[in-house]
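Novice: give me coordinates for this.
(chains A, B, C and D)
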There are 2 protein chains.
Amino acid sequence: MPAEASTSRPASPLTERQEARRRRILRASAQLAGRGGFDAVQMREVAESSQVALGTLYRYFPSKVHLLVATMQDQLEHLHGTLRRKPPAGDTAAQRVAETLMRAFRALQREPHLADAMVRALTFADRSVSPEVDQVSRQTTAIILEAMGLADPTPEQLSAVRVIEHTWHSVLITWLSGRASIAQVKTDIETVCRLIDPPEPTRRA
Amino acid sequence: MPAEASTSRPASPLTERQEARRRRILRASAQLAGRGGFDAVQMREVAESSQVALGTLYRYFPSKVHLLVATMQDQLEHLHGTLRRKPPAGDTAAQRVAETLMRAFRALQREPHLADAMVRALTFADRSVSPEVDQVSRQTTAIILEAMGLADPTPEQLSAVRVIEHTWHSVLITWLSGRASIAQVKTDIETVCRLIDPPEPTRRA
DNA sequence: ATCAAGTCTGAAACTTGTTCTAGATTAGCG
DNA sequence: CGCTAATCTAGAACAAGTTTCAGACTTGAT
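Specialist: Below you'll find the model as predicted:
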């Protein structure tokens, strides 16, 4: 039913000034997150920094987690755009997916605080944020399927993709909290990507 | 180097009354969590319910997340004990691990609110909780390796185990926030466990 | 038994997410 | 243009995690 240009489902179309406010808020959020991570995104500061009253901020984003998940949607779109311009070049689907994820990972490494804010929000989100989190998940799935070069996947492949996403989120968390090295992140991503390639005979590393 | 009876590293031995306090606190925490999940575990209530001053609660557990992660350690020990008594019976390592995780999952299904509190705390934990989270991770790894019947795993196997843990945590989160069905949980666990069994022909458990 | 050091208590204070309110502003419409 | 409903603003108020403090209680060593 929905499907606008891309992401949102604007119940009411949003005037120009409203669109501008929304954008200012998201920019402020990403900016603050880029400094101190999740904790540094304080609702009063976001409001002030985006020149909007606190109440208005809450009208646009009903909670801090909603705000950060929306910020993530925003960033994901950028990423998706970038990836479309330069698709991964590996030979096998597994390689391409691993390459894609590692590329995303390097992007996050440049902004670890922002990554922290977004990922923590994503996994901390409760049911009230499900639609938004789901949207992020769909977008991620799309990116992975694209890297695989797969139009309509089988249920098994979908499960593998979900497992890859699970691993992606969790390994990020683990890295962000300093419990995994970058090498481990790489290894684990490559490991999980093994699920993609044919489990049947005829295969080599 | 360390390794006491099991879990903790008591810098100072803890008197009997202190041990009792600690236990009361953990019981109260699990109890409240069992009702309303993460949000229902309110520090003032935990303090009151365990007959301890708020300041004391914070001396034992320096934050709500520390408290809940400790609660999880506690529960994991129970689980490990139970599993030791009735080890999984599958033919292959993958089957046994999947069976083990599904058994754990069914246990969590019986206490979804408690699961919510523990898992959310675990993934929300920041660096200040790393040691405790790591301890949980080690315990989980031990459980999985035991199910595999593996004494000293190769680095590849360790990576596979980590990926399984990642999937386990993330799929739980997804289920708890209502974005995945129980069937999906099962499927995804089985999918990730495929990483265990021989990618080559010729191998036994 | 006594003293010092460390621990516990109760209560208040502080922080930050979230909600509420009353009054301005704006948008859409006749 | 003039009206009405919706939106926005400033700011107070509330909730729950966390910190702080003065005083009472325990503990361990002498």
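Novice: how many neighbours does A:Leu150 have?
Specialist: For A:Leu150, the neighbour count with other Cβ atoms under 10 Å in any protein chain shown is 15. C-betas here are computed from N, CA, C, even on glycine.
Novice: how about it, secondary structure?
Specialist: Here A:Leu150 is recorded as coil under DSSP: H, G, I helix; E, B strand; the rest coil.
Novice: now the residue nearest to it when sequence neighbours are not counted: phi and psi?
Specialist: Among residues not flanking A:Leu150 along the chain, A:Gln157 sits closest, at 6.7 Å (Cβ to Cβ, 6 or more residues apart in numbering or on different chains). Main-chain dihedrals, A:Gln157, degrees, to the nearest 10: phi -60, psi -40.
Novice: also A:Thr154?
Specialist: A:Thr154 adopts backbone torsions of phi -80, psi 160, taken as degrees, to the nearest 10.
Novice: distance of it from DNA strand D?
Specialist: To DNA strand D, A:Thr154 is 44 Å away according to Cβ to the nearest atom of the strand, to the nearest Å.
Novice: ok, now A:Pro153?
Specialist: For A:Pro153, the distance to DNA strand D equals 40 Å [Cβ to the nearest atom of the strand].
Novice: tell me the phi and psi of that residue?
Specialist: Backbone phi and psi, for A:Pro153 under degrees, to the nearest 10, turn out to be phi -80, psi 150.
Novice: if I read this right, it contacts A:Glu146, doesn't it?
Specialist: No. Between A:Pro153 and A:Glu146 there is no contact under Cβ atoms under 8 Å: 11.3 Å.
Novice: my guess is the residue nearest to A:Leu150 contacts A:Ile144, does it?
Specialist: No. The criterion here is Cβ under 8 Å, and A:Gln157 misses it with A:Ile144 at 10.1 Å.
Novice: neighbour count winner among the two?
Specialist: Per other Cβ under 10 Å, whichever of A:Gln157 and A:Ile144 has more neighbours is A:Ile144, with 24 against 17.
Novice: which residues in chain A form helices?
Specialist: Under the criterion DSSP state H, helices of chain A are mapped to A:16-36, A:43-49, A:54-60, A:64-85, A:93-110, A:112-124, A:130-148, A:155-176, A:182-193.
Novice: buried sites along the last one?
Specialist: Applying a neighbour-count criterion of 16 or more other Cβ atoms under 10 Å in any protein chain shown, one finds A:184-193 buried in helix A:182-193.
Novice: residues of chain A that sit close to DNA strand C?
Specialist: Counting by Cβ under 7 Å from any atom of the strand, the positions of chain A adjacent to DNA strand C are A:15, A:17, A:39, A:41-44, A:54-55, A:58, A:62-65.
Novice: how about TSV for those, with neighbour count added?
Specialist: Shown next, in TSV, are the residues of chain A next to DNA strand C (neighbours: other Cβ atoms under 10 Å in any protein chain shown):
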residue	neighbour count
A:Thr15	9
A:Arg17	8
A:Asp39	13
A:Val41	26
A:Gln42	13
A:Met43	15
A:Arg44	9
A:Leu54	12
A:Gly55	8
A:Tyr58	16
A:Pro62	12
A:Ser63	15
A:Lys64	19
A:Val65	20
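Novice: from those, pick the one nearest B:Thr167.
Specialist: For the residues of chain A next to DNA strand C, the closest approach to B:Thr167 (Cβ to Cβ) belongs to A:Val65, at 22.9 Å.
Novice: I'd say that closest one and A:Val129 touch.
Specialist: Yes. Between A:Val65 and A:Val129 there is a contact under Cβ under 8 Å: 5.5 Å.
Novice: one step back: a markdown table for the helices of chain A, including mean pLDDT?
Specialist: Formatted as a markdown table, the helices of chain A follow (pLDDT from 0 to 100):
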| stretch | mean pLDDT |
| --- | --- |
| helix A:16-36 | 95 |
| helix A:43-49 | 98 |
| helix A:54-60 | 97 |
| helix A:64-85 | 95 |
| helix A:93-110 | 96 |
| helix A:112-124 | 97 |
| helix A:130-148 | 96 |
| helix A:155-176 | 97 |
| helix A:182-193 | 97 |
